[in-house]
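Undergrad: coordinates for the following, if possible.
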Amino acid sequence: MARIRTGIHGATGRMGRAIAALIATDYADRMSVDVSIGSRTGDLQALLTVDVIFDVSLPDGTTALVDWLTGIRASKPAIVCGTTGLDATIHARLLALGESRRVLYAPNFSAGVAALHQIVAFAAPLLADLGYTPAITETHHEHKRDAPSGTARSLQETLAPADPASVETQSIRTGEVIGKHEVTFVGQDDEIVLTHDARDRRLFARGAIEAALWLATRSGVGADTMDSYFRKRFLDRPGAEPG
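TA: Just a heads-up that it's a prediction; the model follows:
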């Protein structure tokens, strides 16, 4: 298969730099970075030459990208977006681009976090019946702007689909912590804690790259979230679950 040509929108940020570095070392035989654009600067028109765009910018950068792509009828490029802090309107517009191209949006590209969602989705109703109350604590580096994090908000939705904001959530910003999410189920006399602790930023970059490789093999158009991508790739294939 020919190498997948990619563009990074938000190339000067932490995630953009990590994706570029990992492609150069671990994925150079399958993928190349052909266009690099900062979150607010650069010629978006250049992205028409690539197969997949990594959008890891800021909310205003994603808004500009969505505005631009909305007026383009071509089915390429596909989009792998990991920008957090998007409001409901731009999030909906981003997913609506799936009517004309392949789109995958995830606030966190860690397969471990995706697995955590599956565990939480299974455990939450059972533990609610047993009288446990869920709470979330998320910790990130002091430079992170949005709080709660996109991952924490998605965990809120998994825990309480009808009223995500009802899940007590604490956001901590300190030092250079990459990302730690704890889901605690508090009972009358005990508690159960599920934790995902990211120890290297390459975890997210690798997840985004793997998602882009998968997206490039998909036919047609459509929008996926990390949950639907995880299910299609790891759970909905023959032999993925015990009979």
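
Undergrad: going by C-alpha atoms from here, please, whenever you check contacts or count neighbours.
TA: Noted.

Undergrad: can you list the domains in this structure?
TA: Listed by automatic domain parsing, the domain ranges of the chain are 4-109+202-235, 112-198.

Undergrad: now the shortest one: mean pLDDT?
TA: Domain 112-198 shows a mean pLDDT of 95.

Undergrad: that one: end-to-end distance?
TA: 9 Å (C-alpha to C-alpha, to the nearest Å).

Undergrad: how about the first one?
TA: Domain 4-109+202-235 has an end-to-end distance of 25 Å (C-alpha to C-alpha).

Undergrad: report the distance from that domain to the chain centre.
TA: Offset of domain 4-109+202-235 from its chain centre (C-alpha atoms, centre = their mean, to the nearest Å): 10 Å.

Undergrad: before we move on, what about the last one?
TA: Domain 112-198 has its C-alpha centroid displaced from the chain centroid by 16 Å (C-alpha atoms, centre = their mean).

Undergrad: please apply the same query to stretch 186-202.
TA: Using C-alpha atoms, centre = their mean, the offset of stretch 186-202 from its chain centre is 19 Å.

Undergrad: double-check that Phe185 belongs to a strand.
TA: Yes: assessed by DSSP: H, G, I helix; E, B strand; the rest coil, Phe185 belongs to a strand.

Undergrad: what's the neighbour count on it?
TA: 20 (other C-alpha atoms under 10 Å).

Undergrad: bridged to it, which residues?
TA: On the basis of DSSP bridges, Phe185 is bridged to Pro134, Ile192.

Undergrad: buried stuff in the longest helix that the chain contains?
TA: Taking DSSP state H as the criterion, the chain has its longest helix at helix 111-129. Across helix 111-129, burial judged by 16 or more other C-alpha atoms under 10 Å covers Ala111, Val113, Ala114, Ala115, Leu116, His117, Val120, Ala121, Ala124, Leu127.
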